[in-house]
Structures are given as C-alpha cells and as structure tokens.
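K.L.:
Need the 3D shape of this:
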Amino acid sequence: MDALFKALSDPARRILLDSLRSTDGQTLQQLQGQLDMTRFGVMKHLGVLEEAGLITTKKVGRFKHHYLNALPLQEAIDRWIEPLLVKPAARAVLDLKSKLEGHETMTKPDFVMQTYIRCTQDALWAALTEASAHAAYNFMCQDVRRDGDALHFQTPDGNEMLVCRETALDPKTRIASTFEPKWAPGVPVSQIVYLIAVEGPFCALTLEHYNIPPAAADGIADGWARTLSGLKTWLETGESAKFLSPQVQ
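P.N.:
Coordinates of the predicted model:
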C-alpha cells in the first residue's frame, strides 16, 4: 500500500497512468511523448509504477509494451472506500473477438492484468479450471457448469452470460480460452490467456485479453479487476466474493 500511494503521489506518474488508461499497451517511446523529460526519466517513473503493481509489461519483438494494471487500485478501493459506499448492482464484464493458437505469437494483447495470490499452484489451477470454483468467486455468475472443454456461466436469473472454451492447456502454467459473450447479441468472440508462475509462497497470475473491440474497452478493466479480486479473496481467505445478490435481475 505504501508503494501504491508513493507511485500515485507524483504528477508525472499520474500522467503516464492517464495515458495508459486512454491507450493501453504503449511503448516507452510513445509514453515519452506524454512528458517533457528524458527517456531515462520516463523509465525511472515507469519502474516506480511497475514496482507498485500499477503497470505490467509484455515484450513483443524488440518492443516492450506497458499496460495499466487496475487491480491494486481496486483492492485499495475495496479496503478503504467500498465499505463506506453501497456497491453498484452490476457492472458487465465486456469482451470480444478472434482466436490465438500456439504458445508463441507476435500479436500484442489489448489488455493485461497481473496479481499475486498467496496460494499453491495446484489451488490456483483448480480455481481457473473447475466450474464450482468459478461459481464461488465470479462476481456476475450464480452458476457455472462444465461441458467438455467449455465452461458455461449463468447469471442469477438463469440466463447464460458467457461461454469460455479451452483451446490450449499447459498444466498448471497456461490456459488459452475463447471468450464468447452471451449478454449482448453481435459481440464477437475473443481469446483470453491465463499465465501462472510460482514465486515463493505466492503465485503470479497474468491475464492477457486479445482483440478487444473499441466499444468494449471501457468496461473490460473494471470487470477483470472485480473478477481477479474475487479470485484472490476466495483463494486467500476462503470467503466467496460475490458482488451481486441472487435477487438482482
């Protein structure tokens, strides 16, 4: 929490975060254009933001792309602000289009989020692959069922909200899955990738979301922040992190 507030205290770093909020996945050269300072100065600010967990990076070819990681902010809000407020009834998890195949790709993800969870690799893998686990921490879904390689997510009123079909599994390290929204007609299918790395008593979980249509970009960060925050809470405390009551329609 100290690193988070330290990172946010500098106006130059807030400008960088605002720029990534507007256009995620920028390179150092693109971000340097947002500030009147040297390349080295921008790199130092990005280092502070990355140390605080507010950004995460992915190297594609010769270029390093920077992504806003909203999860630490969501956790701060949940801890300090949300207890004083009435939570909104619902916020949609918006996503979209196309498939990625294989382990290596030069395609740049549209959205990246990372969190550290104090749990075993086996527990995190089960939480991402077992239907009953998804039902415990997903903030939108009352019921999740598995049909072969597909997970079907249902809202509290019984409507199908989402279908995720696994396309590639590297046991305990990587899951590639299609993402097929059912809540809005015409929203295209996309793909998500979960990456798991063990770091001492923690597991680093990175989510990558590819081919996000502009119309869905505004809502996706909030939806993933709530989902991964719920996953972290459930694995670390055993408490279900539901944001919707069964009565919400």
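K.L.:
Touching the helix-or-strand element of the chain with minimal mean pLDDT from outside, list them.
P.N.:
Least confident helix or strand, the chain: helix 71-80 with a mean of 74, by mean pLDDT, DSSP states H and E. With contact meaning C-beta atoms under 8 Å, 6 or more residues apart in numbering, helix 71-80 is reached by 1, 4, 52-54, 113-115, 224-226, 228-229, 232. Placement of C-beta: from N, CA and C, glycine included.
K.L.:
so where do the helices sit in this structure?
P.N.:
2-8, 11-22, 28-32, 39-51, 71-80, 121-129, 131-137, 217-237 (DSSP state H).
K.L.:
With respect to L128, which of the contacts of helix 71-80 is nearest?
P.N.:
Closest approach to L128 among the contacts of helix 71-80 (C-beta to C-beta): L228, at 10.6 Å.
K.L.:
residues in contact with A7?
P.N.:
With contacts defined as C-beta under 8 Å, 6+ apart, A7 is in contact with 13, 48-49, 51-52, 54.
K.L.:
pLDDT (mean, whole number) over stretch 193-210?
P.N.:
Throughout stretch 193-210, pLDDT has a mean value of 94.
K.L.:
do stretch 54-65 as well
P.N.:
pLDDT averaged over stretch 54-65 gives 90.
K.L.:
and the end-to-end length of it?
P.N.:
14 Å (C-alpha to C-alpha, to the nearest Å).
K.L.:
Buried residues of that stretch, list them for me.
P.N.:
Judged by neighbour count (16 or more other C-beta atoms under 10 Å), stretch 54-65 contains these buried residues: 54-58, 65.
K.L.:
of these, closest to G158?
P.N.:
Closest approach to G158 among the buried residues of stretch 54-65 (C-beta to C-beta): T56, at 36.2 Å.
K.L.:
any idea how far that closest one lies from I15?
P.N.:
Distance of T56 to I15, given as C-beta to C-beta, to the nearest Å: 18 Å.
K.L.:
isn't V187 right next to L162, touching?
P.N.:
No. Using C-beta atoms under 8 Å, V187 makes no contact with L162, being 10.3 Å away.
K.L.:
what about those two, which has more around it?
P.N.:
Using other C-beta atoms under 10 Å as the criterion, V187 and L162 rank with L162 on top: 21 against 18.
K.L.:
can you tell me which residues contact that one?
P.N.:
93, 141, 152-153, 179-183.
K.L.:
Go again with 6 Å.
P.N.:
Residues in contact with L162 (C-beta atoms under 6 Å, 6 or more residues apart in numbering) are 153, 182.
K.L.:
Just list whatever residues bridge to it.
P.N.:
Per DSSP bridges, residues listed as beta-bridge partners of L162: F153, P181.
K.L.:
And for K64?
P.N.:
K59.
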